[in-house]
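Chemist: Sharing a model prediction with you, sequence too.
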Amino acid sequence: MSGPHPFNAKSALAFVVSFGIVSLFADAAYEGMRGISGPFLATLGASGFAVGLIAGFGELFGYTLRLLSGRLADSTRAYWPITLLGYVVQMLAVPALALAGNWQAAAVLIVLERVGKAIRNPPRDVMLSRAGEHIGQGWAFGLHEILDQVGAMSGPLAAALVLAIHHDYREAFAWLAIPSAATLVLVFALRFRYGAVGASLPASKDEIAANGFPRAFWLYAAASALVAFGFSDFTLISFHFGRVGTVRGDMIAVFYAAAMASAGIASLLFGRWFDRAGLKVIFPGIVIGLAVAPLAFFGGTWAALAASLAWGASLGVHEAVMSAAVAKLVPLSARARAYGIFTALFGAAWFAGSALLGALYDVSLVALVAAATLAQLLAFVPLWLAVRAAPTG
């Protein structure tokens, strides 16, 4: 059913850790960029609606592209070539922001970074899920997630340090060329060390072709889409922090780093919990996420810190469990396609929600918080149905 494995438990763990180190440097680069992109766009004259639209469109285009990337990976089994292409695109876009002369040019590069991530993620996650067959899907993706969150924490801190010293966003983006280059060196080295992981798998799509993806998959996708719709992008949150002065400009990246640390811890804990309890571990993740909007948009500095930590924890739960859940619900031979479909739905919802929340930001913060809260509350219904429909064991 899953095809031949190039792993035993020891080598599977080594592969997950190795890819986690690649992701550590990648996250240092692109999360360092994302942690300061909101206030950078503000300095270039972008409105709240424009910031929300840029963030949402980047997610929409990126997540929709995963549909093509996943289908291409399943049909060609070219897991490594597609993964490498995505890393190259993403890691070139990040430091190029130092050259952006206006908010429109910066927007193109922000979207391009999301495109690179979209290209690489479905085939990469399939390879990680092969390792997860041996050590547990939740543990594999949770361990990988905490390693990349180390980078996601250090990148914004480095960007904040450069910003504090030079008071120049472009200088901070230029320094991110260092982790970007390290990512490319390491991922190509990993390809040569673990090339067999991307080898062809048996083309056993008969069950999926005849019956479609299981009902639990679609219900879980619907629940995740509702969460995404109501989940404020940190670009908009950081824009608000900078605009109203809740958080000093050079400290916004530090708050983002704290969010990434929270995400890493949550992903490891909830990923391990997922291997024992299944989809029901998402319920507390949604509860945590419900606190983000009111804390971020109604509170002061301490509330902003709490919002950042809650935002990171909720994100960590969904990022660790999302990939593990798809791996549990869908056979390996169609898994890249499933990742693509799932994340395309997730991205469409993220785009719609980000655009709406960005528009509401310029009109009414109360309406923004109400919309975010309602969408996430509605997610409990399909998630409960997905838990009931999911296979046990």
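Modeler: Thanks, I have the structure now. What you see is a predicted model, and the numbers here were worked out from it, not measured in a lab. Residues are numbered from 1 along each chain as shown.
Chemist: any idea how far stretch 111-125 is from the chain center?
Modeler: 10 Å (Cα atoms, centre = their mean, to the nearest Å).
Chemist: tell me the mean pLDDT over it?
Modeler: Here stretch 111-125 scores 92 as its mean pLDDT.
Chemist: Then stretch 141-155?
Modeler: On average, stretch 141-155 scores 86.
Chemist: Same question for stretch 170-184.
Modeler: Per-residue scores along stretch 170-184 average to 95.
Chemist: ditto for stretch 300-315
Modeler: So the average pLDDT for stretch 300-315 ends up being 94.
Chemist: what comes up buried for that stretch?
Modeler: Residues of stretch 300-315 classed as buried by neighbour count (16 or more other Cβ atoms under 10 Å): 303, 304, 305, 307, 308, 309, 310, 311, 312, 313, 314, 315. Where C-beta positions appear, they are placed from N, C-alpha and C, glycine not excepted.
Chemist: and what of stretch 38-48?
Modeler: Buried-residue list, stretch 38-48, by 16+ other Cβ under 10 Å: 38, 39, 40, 41, 42, 44, 46, 47, 48.
Chemist: how distant is the strand or helix carrying residue 124 from the center of its chain?
Modeler: In the assignment (DSSP states H and E), residue 124 maps to helix 103-135. Mean-position distance between helix 103-135 and its chain equals 8 Å (Cα atoms, centre = their mean).
Chemist: Quick check: next helix or strand after that helix?
Modeler: By DSSP H and E, the next helix or strand past helix 103-135 is helix 137-166.
Chemist: name the helices or strands packed onto that next one?
Modeler: In terms of contacts (3 or more Cβ pairs under 8 Å, 6 or more residues apart in numbering; DSSP states H and E), helix 137-166 is packed against helix 9-43, helix 103-135, helix 169-175, helix 249-277, helix 301-329.
Chemist: Give me the distance from the first one to the chain's centre.
Modeler: Okay, so that is helix 9-43. That offset, for helix 9-43, works out to 10 Å (Cα atoms, centre = their mean).
Chemist: other SSEs contacting that helix?
Modeler: helix 48-76, helix 79-96, helix 103-135, helix 137-166, helix 169-175, helix 177-193, helix 234-244, helix 249-277.
Chemist: again with the last one
Modeler: Counting contacts by 3+ Cβ pairs under 8 Å, 6+ apart, the secondary-structure elements packed against helix 301-329 are helix 103-135, helix 137-166, helix 215-230, helix 234-244, helix 249-277, helix 282-290, helix 292-298, helix 335-361.
Chemist: try the third one
Modeler: Helices and strands touching helix 169-175, as assessed by 3+ Cβ pairs under 8 Å, 6+ apart, comprise helix 9-43, helix 79-96, helix 137-166.
Chemist: one step back: between the helix holding residue 124 and helix 234-244, how big is the angle?
Modeler: For helix 103-135 against helix 234-244, the angle between stretch directions is 130 degrees (axes from the mean of the first three to the mean of the last three Cα atoms, to 10 degrees).
Chemist: now for helix 103-135, which elements pack on it?
Modeler: Checking 3+ Cβ pairs under 8 Å, 6+ apart, helix 103-135 ends up next to helix 9-43, helix 48-76, helix 79-96, helix 137-166, helix 301-329, helix 335-361.
Chemist: In a markdown table, list those helices along with distance to residue 193.
Modeler: Formatted as a markdown table, the helices and strands packed on helix 103-135 follow (distance: least, Cβ to Cβ, whole Å):
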| stretch | distance to residue 193 |
| --- | --- |
| helix 9-43 | 7 |
| helix 48-76 | 20 |
| helix 79-96 | 11 |
| helix 137-166 | 16 |
| helix 301-329 | 22 |
| helix 335-361 | 21 |
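Chemist: Select, out of those helices, the one closest to residue 121.
Modeler: Closest to residue 121 of the helices and strands packed on helix 103-135, according to Cβ to Cβ: helix 48-76, at 6.1 Å.
Chemist: Name the residues of the closest one that are buried.
Modeler: Buried, per 16+ other Cβ under 10 Å, within helix 48-76: 48-67, 69-74.
Chemist: tell me the mean pLDDT over that helix?
Modeler: On average, helix 48-76 scores 81.
Chemist: Report the inter-axis angle for that helix versus helix 79-96.
Modeler: Using the same axes, to 10 degrees: helix 48-76 against helix 79-96 is 160 degrees.
Chemist: what's the angle between helix 48-76 and helix 335-361?
Modeler: Using the same axes, to 10 degrees: helix 48-76 against helix 335-361 is 170 degrees.
Chemist: Show the secondary-structure elements that helix 48-76 is packed against.
Modeler: Going by 3+ Cβ pairs under 8 Å, 6+ apart, helix 48-76 lies up against helix 9-43, helix 79-96, helix 103-135, helix 234-244, helix 335-361.
Chemist: thinking again about what came up before, quick check: which of the helices and strands packed on helix 137-166 is nearest to residue 232?
Modeler: helix 301-329 (7.5 Å).
Chemist: tell me the angle of that closest one relative to helix 137-166?
Modeler: Using the same axes, to 10 degrees: helix 301-329 against helix 137-166 is 150 degrees.
Chemist: Now do the same for the residue nearest to the spatial centre of the chain: its pLDDT.
Modeler: Among the residues of the chain, residue 319 comes closest to the average C-alpha position under Cα atoms, centre = their mean, at 6.0 Å. Looking at residue 319, its pLDDT reads 80.
Chemist: Noted, bye for now.
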